[in-house]
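Student: Pasted the sequence and its predicted model underneath.
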Amino acid sequence: MIEIIFTLLAMLLCLMAEGFFSGSEIGVVSADRLRLRHEAANGSKGAKLALSMLEKPEWLLSTTLVGTNIAVVTNTTLATALVVGLLGTSYSWVAVAIVAPINWVLGEIVPKSVFQQRANEITPKAIFVLKFFSYVFYPILFVFSVITRILTRMVGGGESGIFTLREQLISMLHMSEPEGDVTVEQGKMIRQMFKFSDTPIIQAMVPLVNVAGVDKTASCAEARDMAVRSGHNNLVVIDQRVDNIIGMIHTLELLGLDDDTPIEEFISPVKYVGGSKSARELLDDLRHLDDTMAVLVNEFGSARGIVRASDIMQLIVDQYHDEQQHEFEDEDDSIRKVADNEYIVDGDVYLDLLNDRLGIEIKTGDYSTLAGYLLQKLPDVPGEGVSIQSHDITYTIEQSSERQIKKVRITLP
């Protein structure tokens, strides 16, 4: 009788352990990271430990997985031994019939539901137990980690851990949105951040024709006047030619100086970048260097345009709003539908946006806009009424100047 009681108590402990590990698995990954950071900043050791362990989620989740499996196997073994001892070997199936539904309900469903609903409260407390068992299970986790890496290399996989592959995250977003775990708006913003990481810097570039600048020989009065006319506090400084940008000035530094004071001693250096850098990479560089702009140069060292940190941030917002626009022909005059399969498009519209909107595939090259694409196909700047046909798509110049294509009529097949 005493053996039966001890066996039942051991089974109860195994069931509680299974519930803890399976619940912790969903609870830890459901915890609000911002709340954990706030609690950590206020001195919560549990929140600090949780954030630390979440930096390697595969190790944390492996701990919960091993703990759950050990508890289930032990519980089933004890139940089988108890039933065999009472009823005989022919009734061993009774143990599985009884233990399986109990484990499923009390060891999985109920704990996961409770831990998920109270994840922010439970995680800072449960994390200490998980940390302890990560040491206890270390030999097992280490062996499985080595085996996993070997198998991953054999099948041609990479070294990336779980939750680090963008494709996996995007798939998770698609699955989470219908369930309500992630709102549709949040999902759109997150996908746009992934898209932003691949966005070429040229999409945020301000072409030289729109850049406000002064020559290095200019006076403070001339620089201040240009700042007022352009509406920009930061101006590029050129050396004789507009494509020879040598630095920039902060016009606020010129306030209070004599009008005739040369600006040369106030010129700050600028960062020069090529077209292969992504917008995200440049934004990181500017933030680390405490700069506000960079100059995009071509293979000959001449400036193509400038990219400001504010332009990159605006690009993120614009991309997000672009995804929001379902009836874009009514909301965005840059691409306007005028008839079936016929659109009036601004020449400075980026090809990536145009391809998305019209469902076409214009390849980019040394150009990024519709006007650049058409100018690559023509010897001169085309006049109004000139038509070009490419891949069954007709492009008709609706409005242009001596130097610029302003509006194009696109007729799809």
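Tutor: Yep, it's here.
Student: Any regions of the stretch 151-300 of the chain where pLDDT drops low?
Tutor: For the stretch 151-300 of the chain, applying pLDDT under 70 flags the ranges 156-198, 290.
Student: could you pull out the strands for it?
Tutor: Under the criterion DSSP state E, counting those that start in this stretch, the stretch 151-300 of the chain carries strands at the ranges 206-207, 213-215, 234-239, 241-250, 271-273, 293-297.
Student: where does the fourth one sit relative to the chain's centre, distance-wise?
Tutor: Read that as strand 241-250. Distance, stretch centre to chain centre, for strand 241-250: 33 Å (CA atoms, centre = their mean, to the nearest Å).
Student: Give me the domain ranges for the chain.
Tutor: Domain assignment of the chain by automatic domain parsing yields the ranges 2-154, 166-197, 201-315, 325-411.
Student: Can you lay out the ones you listed as CSV showing mean neighbour count?
Tutor: Heads up, the C-betas are built off the backbone N, CA and C, glycines and all. Output for the domains of the chain, formatted as CSV (neighbours: other CB atoms under 10 Å):
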stretch, mean neighbour count
domain 2-154, 16
domain 166-197, 14
domain 201-315, 16
domain 325-411, 15
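Student: List the beta-bridge partners for the residue nearest to Thr411 when sequence neighbours are not counted.
Tutor: Once flanking residues are discounted, Thr411 sits nearest to Thr394: 4.2 Å by CB to CB, 6 or more residues apart in numbering. Beta bridges link Thr394 to Gln389, Thr411, judged by DSSP bridges.
Student: Next up, the contacts around Thr394.
Tutor: Ser387, Ile388, Ile410, Thr411 (CB atoms under 8 Å, 6 or more residues apart in numbering).
Student: Including pLDDT and distance to Asp259, could those residues go into CSV?
Tutor: Output for the contacts of Thr394, formatted as CSV (pLDDT from 0 to 100; distance: CB to CB, whole Å):
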residue, pLDDT, distance to Asp259
Ser387, 92, 53
Ile388, 89, 51
Ile410, 94, 50
Thr411, 93, 55
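Student: Looking at the residues you listed, spot the one nearest Leu78.
Tutor: Using CB to CB, Ile410 comes nearest to Leu78 of the contacts of Thr394, at 73.0 Å.
Student: The nearest residue to the closest one once chain neighbours are set aside bridge partners, please.
Tutor: Leaving aside its sequence neighbours, Ile410 sits nearest to Tyr343 (CB to CB, 6+ apart; 4.8 Å). Under DSSP bridges, the beta-bridge partners of Tyr343 are Lys337, Ile410.
Student: Tell me which residues touch Tyr343, please.
Tutor: Glu329, Ile335, Arg336, Lys337, Leu358, Arg409, Ile410, Leu412.
Student: try 10 Å
Tutor: By CB atoms under 10 Å, 6 or more residues apart in numbering, the contact set of Tyr343 is Glu329, Ile335, Arg336, Lys337, Leu354, Arg357, Leu358, Val408, Arg409, Ile410, Thr411, Leu412.
Student: and of those residues, the nearest to Thr76?
Tutor: The shortest approach to Thr76 among the contacts of Tyr343 belongs to Arg357, at 58.1 Å (CB to CB).
Student: How about the secondary structure of the closest one?
Tutor: Here Arg357 takes the helix state, with states given by DSSP: H, G, I helix; E, B strand; the rest coil.
Student: OK, contacts around the closest residue to it other than its chain neighbours?
Tutor: Take Arg357 and drop its neighbours on the chain: the residue closest to it by CB to CB, 6+ apart is Ile335, 5.2 Å away. Residues in contact with Ile335, defined by CB under 10 Å, 6+ apart, are 325, 328-329, 343-346, 349, 353-354, 356-358, 370, 410.
Student: and if we set it to 7 Å?
Tutor: Phe328, Tyr343, Val345, Val349, Leu354, Arg357 (CB atoms under 7 Å, 6 or more residues apart in numbering).
Student: In JSON lines, list these along with distance to Asn69.
Tutor: Below are the contacts of Ile335 laid out as JSON lines (distance: CB to CB, whole Å):
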{"residue": "Phe328", "distance to Asn69": "52"}
{"residue": "Tyr343", "distance to Asn69": "59"}
{"residue": "Val345", "distance to Asn69": "59"}
{"residue": "Val349", "distance to Asn69": "56"}
{"residue": "Leu354", "distance to Asn69": "53"}
{"residue": "Arg357", "distance to Asn69": "51"}
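Student: out of those, who's nearest Val214?
Tutor: Val349 (30.2 Å).
Student: how close does the closest one sit to Gly385?
Tutor: 20 Å (CB to CB, to the nearest Å).
Student: For this protein, which helix extends over the most residues?
Tutor: helix 57-87 (DSSP state H).
Student: picking that back up, and the pLDDT for the residue nearest to Ile410?
Tutor: Each residue has a pLDDT score; the one for Tyr343 is 93.
Student: Make 24 the first number, not 1, from now on.
Tutor: Done: numbering now begins at 24, and the last item shifts to Tyr366.
Student: Please tell me how far it sits from Gln422.
Tutor: The separation that Tyr366 has from Gln422, given CB to CB, amounts to 14 Å.
Student: hmm, who's touching stretch 383-396?
Tutor: Against stretch 383-396 from outside (CB under 7 Å, 6+ apart): 225-226, 368, 370-374, 377-378, 399, 416, 427-428, 431.
Student: Stretch 223-234 too?
Tutor: 259, 265-266, 296, 298, 300-302, 305, 319, 326-330, 334-335, 338, 373, 375, 391.
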